[in-house]
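Asks: Okay, structure incoming, though there's no sequence with it:
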Ligand SMILES: Nc1ncnc2c1ncn2[C@@H]1O[C@H](COP(=O)(O)OP(=O)(O)OP(=O)(O)O)[C@@H](O)[C@H]1O
Ligand SMILES: [Mg+2]
């Protein structure tokens, strides 16, 4: 049996990462001589499945290739505690002459830091964090290396923890320490987070919205991964697959994986196998991407999206307002919010489209499904 090198799961580094060369070059430049300190604080935002976690991983790889130390974390509660009690002591033990206990006691850490601790009780965590980071970056400096902290799912961060971490990063910046910070999260909550007074340092970060990739890149990724899996694909079948992916990174993995799985015979992967693969891929996409992305929206937001759903390509904004039976200004308010939230995007003058492919189909199917459920309830 041949291999299937597609990786249709979140957070998994793809066999072939495509369409991100420029960003990855920037990451490499950041650690290769630090030409531009802007690259030392970055924020990646985008819809589910665009490849934010994977890019955070590219950032880590670029840093490690230059000899920097990297702490990889997610934003679950207790972030600061994990940094001061686990990650930093471990790194200090390895890279600094001073023992971690010396550093900890120097900054006066007391007792365990429970969730209910008051601000004063928690204060030492902050000073410990600062002194540990100072110590570690001082120890690394002579070799020209530094420390990177990456935080995924930053939208879920405790804002107070984020604020404290941000202050320390900013001190580090002022002291010109070799200290980098990279965070990634979902578009909507990131936009909300950026409005929060506790997230000042994130507003100053180099913000990279992560979107779709080009068709040429999609084809290259599909064809290359299939070849490396020891298989071939028909040119027409490749075109059908690339069309179905529609530039959406997660879909490269889904369509590729399910097409190879559906192709049970020897010889190049056929259009039939790809067609079956696309059906399976779209089912997964609905469950793992569309449903969670649409769940938090208000009913008016949904009305706007439903008014876009009848169009196969981009929708004209005037037409949407007309279908909604509202003025263009009113519809414009919702358009702006949905764009800000990354659900839709501008597609040329006066037109918008869904950011994630098949959103319209999903809405249409579910509108029909909901209508049927409504009828069933009326019957019963
Ligand atoms: N540029 C790319 N080329 C090929 N595959 C990619 C690319 N970016 C991401 N993928 C694949 O898409 C899937 C989703 O990537 P990832 O988990 O990084 O998305 P995400 O934006 O972090 O999603 P979420 O918001 O749900 O955490 C993974 O299977 C990954 O391998
Ligand atoms: Mg992710």
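Replies: On my side now, so go ahead. Bear in mind that the values here come from a model prediction, so they are computed numbers and not experimental data. Ligands and ions are numbered 1, 2, ... in the order given.

Asks: which parts of the helix or strand hosting residue 334 are buried?
Replies: Residue 334 belongs to helix 328-340 when assigned by DSSP states H and E. Using 16 or more other C-beta atoms under 10 Å as the test for burial, helix 328-340 gives 331, 334, 335, 337, 338. In this view, the C-beta of every residue, glycine as well, is placed from N, C-alpha and C.

Asks: average pLDDT for that helix?
Replies: For helix 328-340, the mean pLDDT works out to 92.

Asks: could you dump the buried residues of helix 328-340 to JSON lines with distance to residue 30?
Replies: What follows is these, written out as JSON lines (distance: C-beta to C-beta, whole Å):
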{"residue": "331", "distance to residue 30": "41"}
{"residue": "334", "distance to residue 30": "38"}
{"residue": "335", "distance to residue 30": "35"}
{"residue": "337", "distance to residue 30": "33"}
{"residue": "338", "distance to residue 30": "33"}
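
Asks: of all those, which comes closest to ligand 1?
Replies: Ligand 1 lies nearest to residue 338 out of these, by C-beta to the nearest ligand atom, at 17.5 Å.

Asks: List the residues that contact that closest one.
Replies: Neighbour list for residue 338: 301, 304, 305, 344, 352 [criterion: C-beta atoms under 8 Å, 6 or more residues apart in numbering].

Asks: sorry, back to before: need the residues that contact the following helix or strand past the helix holding residue 334.
Replies: Scanning forward in sequence from helix 328-340 by DSSP H and E, the next helix or strand is strand 344-346. When contacts are defined by C-beta under 8 Å, 6+ apart, strand 344-346 is touched by residues 211, 305, 308, 335, 338, 339, 352, 353, 354, 355.

Asks: and the residue of the stretch 201-350 of the chain found nearest ligand 1, how many neighbours does it have?
Replies: Here the residue of the stretch 201-350 of the chain nearest ligand 1 is residue 249; by C-beta to the nearest ligand atom that distance is 3.4 Å. When neighbours are defined as other C-beta atoms under 10 Å, residue 249 has 27 of them.

Asks: Helices of the stretch 251-380 of the chain, residue ranges please.
Replies: 271-285, 291-294, 299-308, 317-324, 328-340, 359-379 (DSSP state H, counting those that start in this stretch).

Asks: one step back: do you know the pLDDT at the residue nearest to the residue of the stretch 201-350 of the chain closest to ligand 1 when sequence neighbours are not counted?
Replies: Counting by C-beta to C-beta, 6 or more residues apart in numbering, residue 249 lies nearest to residue 51, which is 4.3 Å off, once chain neighbours are set aside. Listed pLDDT for residue 51 reads 97.

Asks: burial count for residue 313?
Replies: Residue 313: 8 neighbours (other C-beta under 10 Å).

Asks: on that earlier part again, now do the contacts for the residue of the stretch 201-350 of the chain closest to ligand 1.
Replies: Taking C-beta under 8 Å, 6+ apart as the test, what residue 249 contacts is 14, 19, 49, 50, 51, 54, 212, 213.

Asks: Buried residues, stretch 279-287. List them.
Replies: For stretch 279-287, by 16+ other C-beta under 10 Å, it's 280, 281, 282, 284, 285, 286.

Asks: For the helix or strand encompassing residue 30, buried residues please.
Replies: Assigned by DSSP H and E, residue 30 belongs to helix 21-31. Neighbour-count burial for helix 21-31 flags 23, 26, 27, 28, 30, 31 (criterion: 16+ other C-beta under 10 Å).

Asks: Brilliant, that's me finished.
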